[in-house]
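# sequence first, then the predicted structure:
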Amino acid sequence: SSQLSSLPLQILLYVNGIYYIFYFLATLAMIIYKSQVFSYPDDYLAPDLAVLFLMAILEVPRLYLGFKGNLTEAEAPLGLSLGLTVGSVVLCVYLLLWQTYVLRADVLLNAVLLSAYGLESGLKVTAIAAFIS
């Protein structure tokens, strides 16, 4: 029997997990910084923080299902992880385009994360196709 799980996908999931911890802490620090330095309207601070924390909550099952689906060569967990990735992409785009203040560091952090999500999604689709065939 041949092994169908994807090593590049597994490595990328691991790297994304580490990068996301850095991303979360850096984005949280920047939101705190922006709230202190700029006149950050109180009505907009809570939604920006809520999006960041919702994204963190989505990230845990997204990575877990990705790891599990790839290692067990199961399409369902990998497909669910792919669906959660779409949700994470939407939240990432919010933080890139529509949060109250967007700094260059925000653009850089979100661009790297979106690139990783795109590459990861491509590898997930390839892995699902290999599992089905």
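Thanks, I have it. Residues are numbered from 1 along each chain as shown.
# report pLDDT for the spatially closest residue to residue 6 that is not a sequence neighbour.
In space, and not counting its chain neighbours, residue 6 is closest to residue 127: 4.5 Å by Cβ to Cβ, 6 or more residues apart in numbering. Quick note: C-beta positions are derived from backbone N, CA and C, even for glycine. Note for residue 127: predicted pLDDT of 97.
# and the helix or strand hosting residue 127, what's buried?
Assigned by DSSP states H and E, residue 127 belongs to helix 104-132. Within helix 104-132, the residues scored as buried using 16 or more other Cβ atoms under 10 Å are 106, 109, 110, 113, 116, 117, 120, 123, 124, 127, 128, 131.
# closest to residue 15 among those residues?
residue 116 (7.5 Å; Cβ to Cβ).
# pretty sure that closest one sits against residue 12.
Yes. Shown here, residue 116 and residue 12 form a contact pair, counting by Cβ atoms under 8 Å, at 6.9 Å.
# show me what contacts the residue nearest to residue 6?
4, 5, 6, 9, 69, 70, 78 (Cβ atoms under 8 Å, 6 or more residues apart in numbering).
# how about a cut-off of 10 Å?
4-6, 8-10, 66, 69-70, 73, 75, 78, 82 (Cβ atoms under 10 Å, 6 or more residues apart in numbering).
# where do the helices sit along the chain?
Ranges of helices in the chain, per DSSP state H, are 7-37, 42-72, 75-93, 104-132.
# on that earlier part again, relative to helix 75-93, how tilted is the helix holding residue 127?
On the basis of axes from the mean of the first three to the mean of the last three Cα atoms, to 10 degrees, helix 104-132 is oriented at 160 degrees to helix 75-93.
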